[in-house]
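Colleague: give me coordinates for this.
(4 chains)
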There are 4 protein chains.
Amino acid sequence: MDRRFVISLSCPDTTGIVARIAGFLADAGGWIVEAAYHSDPGTGWFFTRQVVRADSLPFDADGLRERFAAVAAEIGPQAQWTVADTAEPKRAVVLVSKETHCLHDLLGRASSGELPVRLEAVVGNHEALAGIVEAHGVPFHHVPFPAAGDPRREAGKVEAFEKVREAVDAHSPDAIVLARFMQVLPAHLCERWAGRALNIHHSFLPSFVGARPYHQAYARGVKLIGATCHYVTADLDAGPIVEQDVIRVDHGDTAEDMVRRGRDIERLVLSRGLRWHLEDRILVHGNKTVVFR
Amino acid sequence: MDRRFVISLSCPDTTGIVARIAGFLADAGGWIVEAAYHSDPGTGWFFTRQVVRADSLPFDADGLRERFAAVAAEIGPQAQWTVADTAEPKRAVVLVSKETHCLHDLLGRASSGELPVRLEAVVGNHEALAGIVEAHGVPFHHVPFPAAGDPRREAGKVEAFEKVREAVDAHSPDAIVLARFMQVLPAHLCERWAGRALNIHHSFLPSFVGARPYHQAYARGVKLIGATCHYVTADLDAGPIVEQDVIRVDHGDTAEDMVRRGRDIERLVLSRGLRWHLEDRILVHGNKTVVFR
Amino acid sequence: MDRRFVISLSCPDTTGIVARIAGFLADAGGWIVEAAYHSDPGTGWFFTRQVVRADSLPFDADGLRERFAAVAAEIGPQAQWTVADTAEPKRAVVLVSKETHCLHDLLGRASSGELPVRLEAVVGNHEALAGIVEAHGVPFHHVPFPAAGDPRREAGKVEAFEKVREAVDAHSPDAIVLARFMQVLPAHLCERWAGRALNIHHSFLPSFVGARPYHQAYARGVKLIGATCHYVTADLDAGPIVEQDVIRVDHGDTAEDMVRRGRDIERLVLSRGLRWHLEDRILVHGNKTVVFR
Amino acid sequence: MDRRFVISLSCPDTTGIVARIAGFLADAGGWIVEAAYHSDPGTGWFFTRQVVRADSLPFDADGLRERFAAVAAEIGPQAQWTVADTAEPKRAVVLVSKETHCLHDLLGRASSGELPVRLEAVVGNHEALAGIVEAHGVPFHHVPFPAAGDPRREAGKVEAFEKVREAVDAHSPDAIVLARFMQVLPAHLCERWAGRALNIHHSFLPSFVGARPYHQAYARGVKLIGATCHYVTADLDAGPIVEQDVIRVDHGDTAEDMVRRGRDIERLVLSRGLRWHLEDRILVHGNKTVVFR
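Modeller: The predicted structure follows:
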């Protein structure tokens, strides 16, 4: 694909925003290949994402940032914006536990080039995964977590999370992917990684928050099970939702069948959410997302 | 379609049940055109539904019931069973309020013969619907409910529900369909009509129980909205789930868009659930359903 | 909903188009509530649809058309555009045959106000439908078609189609809806109604063109069946596709089951396609559609 | 999971088949945990699959086969049946080319134990895959195929297929999986591996048979793209269909986007089809399948 610049902006809605941005790009000769707009009547905010061919502009990404800053300033003080450059590859760190289906899926997608990401590292609490991760050319960091009965459990957890933080922050990644990590992230990490940490929850939220959602779904007798990709916040399973999907189940499915069949949805939902995040398609506002697919 | 007998049975699971039923039918020359079985490992119960060509048996529906009672008795004292005869048309009464999409859908399906049902009556609290209901050849009963500010509201509701009960019970219907009825059924009617009253709730339960579920969904920022058909019980929106489905929404959908778009799912989910009920495809056990589609 | 103007435009792609349109609207004080753009790399064409609050502009629809004509002229001689006014209700005529499910569905949606359309007339070759159509306040025109064995069949068809044409053209409708009409429209009517005639075909095109598609699907043993809404062209079932959807079937579904179950998809796909047409969301280019949902 | 025996049988339909099988199992004390039946009115054939707990029977798999042979003989000379034992793991060989997404998916599912299969070998014409395949503990056989311009191409293909045959037959696998193999299997191998070779075709068959189906789909302007898992026969892309699924696309998707997004469906459809094959859930009759999911 040709090199492109991706401009994202959100601000209080008013007339003339599109004209200002489009005028700026037209004056500079910018060739827009994708453009999406959203005016939200509920919040009165405006959102846009525009993709411009890099070779149509007479300046580079930093030049565009400098000039666009002036445009954004005229639009107003609340305007939030970013300019991404597809020539700068996005980087991610993956956190995993024992359930490996999302990890295998991400490794396959990254190594085949299907997902536009460089996996910098995988951090996990089960050493057995090191082999296959490293076979894909990705470093594996083993960070053991204290077991359920451990008397030093709380302190041990604090230490383990400190090691996870170091392993993640060493790469300053664009995305921190909780690929069925199974540990609740402490509030200070949620805050530190706000807007970059994506989790996959194995239910159709807000149904079945918390532990063992498939078993909750089985007990309630639902006819569809789902998965939810969301940004991590300090409220467990309550962050801004990025993507959800479901599959049909019936009386013949045990809770274990749901666990197995749900993996297909978890893989898909997480990989879609991650792709949109990497392509700067997601604008978060309050506890909701605008996703320009 | 040829005349058929539909046998449904549920009982504690053990070996030999299939052999006993199949043996009975084979001895009588019964030609089985559909057969479904389910052994539930969670509850230890067994469920079956069998469809037999009526002309293959040397006795009629009552004769079959008499003989099958003996088979069921041998299977055990907890066995519950029914024998339906497709020559006896199923009958339904529909309860509606202002939202008419499910009503229009059911009238169309019934009048074209697509849904195997005789609509005996429609009971509603808005007289405006009388014309179109009667144009389909179905009697309309107008039962006004007291408005929100009415000082005699509670007493008025009791009287109104008594009229609804009379209008329904006059037909002893096989199905009482709450097609967006918008009034919470009192407990004594839930009990009276247990296993016959089907409701459509406009969310993917157990998410968004109660009032204005689409507005709840909008506020949470979910990416799919749904509808649920369930048997009515005294616990609001908590009865056994019969069918659910969803459609995709995004940031461009307002709460009003969700209300409108959700109607497509409500129509489908209610008509599917009702069909399965009418065809004796649903066996309820505890708060869950076995649906032999 | 507030009154709105809907601007649609397509033209060869180049830089500055968005800026020109947005600049024009901003200068006039136009408040854009929806905006969608598409640059098609395959054809090199550009497409946009913009929705403006009528009360934000100092002129009415005709005033907007006059001014926008000048903008479009500057954009280039190939630019095609329309301006619709939501205060002018869209009007449709429905053509039907014996299969009534789509008709019932459209009548229900129109009469409840769910679909933004005035049904001007229904034209059908089976008189039995007159009663229910007229009960919805819509005139019914009975136009009998010659039966299969009729020696004057071809001449009779020509006469019948002439009557259909008259009944349709008397209303100059925005949409002519072939709701399972079952007669192949002659080429001169396809041309006359180009871009306004929508058909529902009961298969997932391009699979199973022509007669009895569900029986073709049954014979091939497919695991999903579908329906397709497309603009009518002289090539049978080959016009620009507007919308498609599918449902799962299995070995237990006979061809007759597929006919029955497919109706749910036909209803949905036709009503969605018609809505998008009425809301000016569809731009046709060559044999493909851009649908700004 | 407990050890189980899986009995599959198909035969011309008549009364008493269920009674005979159920009676045999009941007499032996067999505990049936899953049972499915299908009477096909089109062909007049009967199909069943029954799953019995191994520890409920007083004989092993071979003992069951011996006794069941007598039951099947009584049912009739056309009865076809198999008895599988879940204690005997199923084995598969995977054939691949350059597109690796299905391979990665199968390796992940097999190595995590999600898919009940032992991958005996991967055969491919691109050596680059050897590393990752072997990292999963699976042998990789490199069989180069002659390139497009090669003057000895036909002879070279014959030799290459002979090597593929040897590599496959060395394992007598239960499944030969063409995971985007991209080479048309010669007729003698289709016949040799009949009922064991599963292919994934990247379209919703029968639409878009043959080469570059996504590009065909793009050209036609369809609104859904799909994938099909089918048994391989000498007729290209025309074998019995096992599973199909689709995803929504729109005008914004280029042919390349369809290639990328279609991979998600290919992975799912192939892995589902393979699972059902491995679990003896598929009974082939003529060119259609009965799939007892």
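Colleague: now the element after the helix or strand hosting residue A:245, going C-ward?
Modeller: Assigning secondary structure by DSSP states H and E places residue A:245 in strand A:241-248. Taking DSSP H and E as the definition, the helix or strand that follows strand A:241-248 towards the C-terminus is helix A:255-278.
Colleague: who touches the next helix or strand after that following helix?
Modeller: Scanning forward in sequence from helix A:255-278 by DSSP H and E, the next helix or strand is strand A:282-285. Strand A:282-285 is contacted from outside by A:8, A:10, A:40, A:43, A:45, A:47, A:49, A:195, A:231, A:240, A:242, A:276, A:289-292, using Cβ atoms under 8 Å, 6 or more residues apart in numbering or on different chains. Just so you know, the C-beta spots here come from the backbone N, C-alpha and C atoms, and that holds for glycine as well.
Colleague: picking up where we left off before, now for the strand holding residue A:245, which elements pack on it?
Modeller: Contacts of strand A:241-248 with other secondary structure elements, assessed using 3 or more Cβ pairs under 8 Å, 6 or more residues apart in numbering or on different chains; DSSP states H and E, are made with strand A:224-231, helix A:255-278, strand A:288-291, strand B:224-231.
Colleague: for the ones you listed, which one sits closest to residue A:80?
Modeller: Comparison of the helices and strands packed on strand A:241-248 against residue A:80 by Cβ to Cβ identifies strand A:288-291 as nearest, at 12.2 Å.
Colleague: quick check, that closest one touching chain B?
Modeller: Yes: contact check for strand A:288-291 against chain B, using Cβ under 8 Å from any Cβ of the partner chain: residues in range are A:288, A:289, A:290, A:291.
Colleague: of these, closest to residue A:171?
Modeller: Within those, the smallest distance to residue A:171 is 24.4 Å, found for residue A:289 (Cβ to Cβ).
Colleague: pretty sure the closest one contacts residue A:244?
Modeller: No: checked against Cβ atoms under 8 Å, the pair residue A:289 and residue A:244 is beyond contact range at 11.2 Å.
Colleague: that older thread, buried sites along the strand holding residue A:245?
Modeller: A:241, A:242, A:243, A:244, A:245, A:246, A:247 (16 or more other Cβ atoms under 10 Å in any protein chain shown).
Colleague: likewise for stretch A:206-224?
Modeller: Of the residues in stretch A:206-224, A:206-208, A:213-214, A:216-218, A:220-224 count as buried by neighbour count, 16+ other Cβ under 10 Å.
Colleague: can you show me the CA trace of that stretch as PDB?
Modeller: Coordinates of the C-alpha atoms in stretch A:206-224 are reproduced here as PDB (Å, rounded to 0.1, in the frame of the first residue of the first chain):
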ATOM      1  CA  PRO A 206     -23.000  -5.900  29.700                       C
ATOM      2  CA  SER A 207     -24.300  -9.400  30.300                       C
ATOM      3  CA  PHE A 208     -22.100 -11.700  32.400                       C
ATOM      4  CA  VAL A 209     -19.500  -9.300  33.800                       C
ATOM      5  CA  GLY A 210     -16.600 -10.900  35.700                       C
ATOM      6  CA  ALA A 211     -15.600 -14.500  36.100                       C
ATOM      7  CA  ARG A 212     -16.700 -17.600  34.100                       C
ATOM      8  CA  PRO A 213     -19.100 -15.800  31.800                       C
ATOM      9  CA  TYR A 214     -19.800 -18.800  29.700                       C
ATOM     10  CA  HIS A 215     -20.900 -20.700  32.800                       C
ATOM     11  CA  GLN A 216     -23.200 -17.800  33.600                       C
ATOM     12  CA  ALA A 217     -24.600 -17.800  30.100                       C
ATOM     13  CA  TYR A 218     -25.200 -21.600  30.300                       C
ATOM     14  CA  ALA A 219     -27.000 -21.200  33.600                       C
ATOM     15  CA  ARG A 220     -29.300 -18.500  32.200                       C
ATOM     16  CA  GLY A 221     -30.100 -20.500  29.000                       C
ATOM     17  CA  VAL A 222     -29.300 -17.800  26.500                       C
ATOM     18  CA  LYS A 223     -29.500 -18.700  22.800                       C
ATOM     19  CA  LEU A 224     -26.500 -16.700  21.700                       C
END
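Colleague: and residue A:99, which helix or strand is it part of?
Modeller: Secondary-structure assignment from DSSP H and E places residue A:99 in no helical or strand segment.
Colleague: how about the contacts made by the closest residue to it other than its chain neighbours?
Modeller: Take residue A:99 and drop its neighbours on the chain: the residue closest to it by Cβ to Cβ, 6 or more residues apart in numbering or on different chains is residue A:180, 4.1 Å away. Listed by Cβ under 8 Å, 6+ apart, the contact partners of residue A:180 are A:96, A:97, A:99, A:101, A:102, A:103, A:200, A:202, A:266.
Colleague: do the same with residue A:210
Modeller: Neighbouring residues of residue A:210 by Cβ under 8 Å, 6+ apart: A:236, A:237.
Colleague: may I have the phi/psi pair for residue A:179?
Modeller: According to degrees, to the nearest 10, the main-chain angles of residue A:179 amount to phi -90, psi 70.
Colleague: any idea how many residues pack against it?
Modeller: Burial measure for residue A:179: 28 neighbouring residues, criterion other Cβ atoms under 10 Å in any protein chain shown.
Colleague: the one 5 residues further on now?
Modeller: Around residue A:184 there are 15 other residues, counting by other Cβ under 10 Å.
Colleague: please apply the same query to the one 5 residues further on.
Modeller: Here the count is done by other Cβ under 10 Å, and residue A:189 has 19 residues near it.
Colleague: so it sits against residue A:165, correct?
Modeller: Yes: applying Cβ under 8 Å, one finds residue A:189 in contact with residue A:165, separated by 6.2 Å.
Colleague: returning to that earlier point: listing partners with orientation, what would you give for the strand holding residue A:245?
Modeller: Partners of strand A:241-248 in the sheet, by DSSP bridges, are strand A:224-231 (antiparallel).
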